[in-house]
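S.K.: What would the 3D arrangement of this be:
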Amino acid sequence: MRIRAIEELAAGDTPVTEIACMAGYSSLPAFSPAFQELAGRTPTGYRASFWP
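M.R.: All right, here's what the predicted structure looks like:
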């Protein structure tokens, strides 16, 4: 998982699907479980912690 993906999620303006592609995943369904395993929450949940 790239640090850039985490930064982009925290920034809140790039679509999650685009972030998944930037991180090297071909789809959001492939990215989400990998992100959740690393961060302990889904990409959307992680973003929501910064933008309630």
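S.K.: how near is the residue nearest the centre of the chain to Ala5?
M.R.: For the chain, the residue whose C-alpha lies nearest the mean C-alpha position (Cα atoms, centre = their mean) is Pro43; its distance is 3.9 Å. Counting by Cβ to Cβ, to the nearest Å, the separation of Pro43 from Ala5 is 8 Å. No exception for glycine: its C-beta is placed from N, CA and C like everyone else's.
S.K.: overlap in contacts of these two?
M.R.: Residues touching both Pro43 and Ala5 (Cβ atoms under 8 Å, 6 or more residues apart in numbering) are Ile19, Ala20, Phe35.
S.K.: ok, now which ones touch the first one?
M.R.: Translated: Ile19. Applying Cβ under 8 Å, 6+ apart, the residues near Ile19 are Ala5, Glu8, Leu9, Phe31, Pro43.
S.K.: Count the neighbours of Glu7 for me.
M.R.: A count of neighbours around Glu7, defined by other Cβ atoms under 10 Å, yields 11.
S.K.: and it, backbone torsions?
M.R.: Comment: the main-chain dihedrals of Glu7 come out as phi -60, psi -40, following degrees, to the nearest 10.
S.K.: so what pLDDT did it get?
M.R.: If you check Glu7, the pLDDT there is 89.
S.K.: And for Arg2?
M.R.: Looking at Arg2, its pLDDT stands at 71.
S.K.: wait, doesn't it sit right on Gly24?
M.R.: Yes. With contacts defined as Cβ atoms under 8 Å, Arg2 counts as touching Gly24 at a distance of 7.5 Å.
S.K.: which regions of this protein lie under the pLDDT threshold?
M.R.: With pLDDT under 70 as the threshold, the chain has low-confidence stretches at 1, 52.
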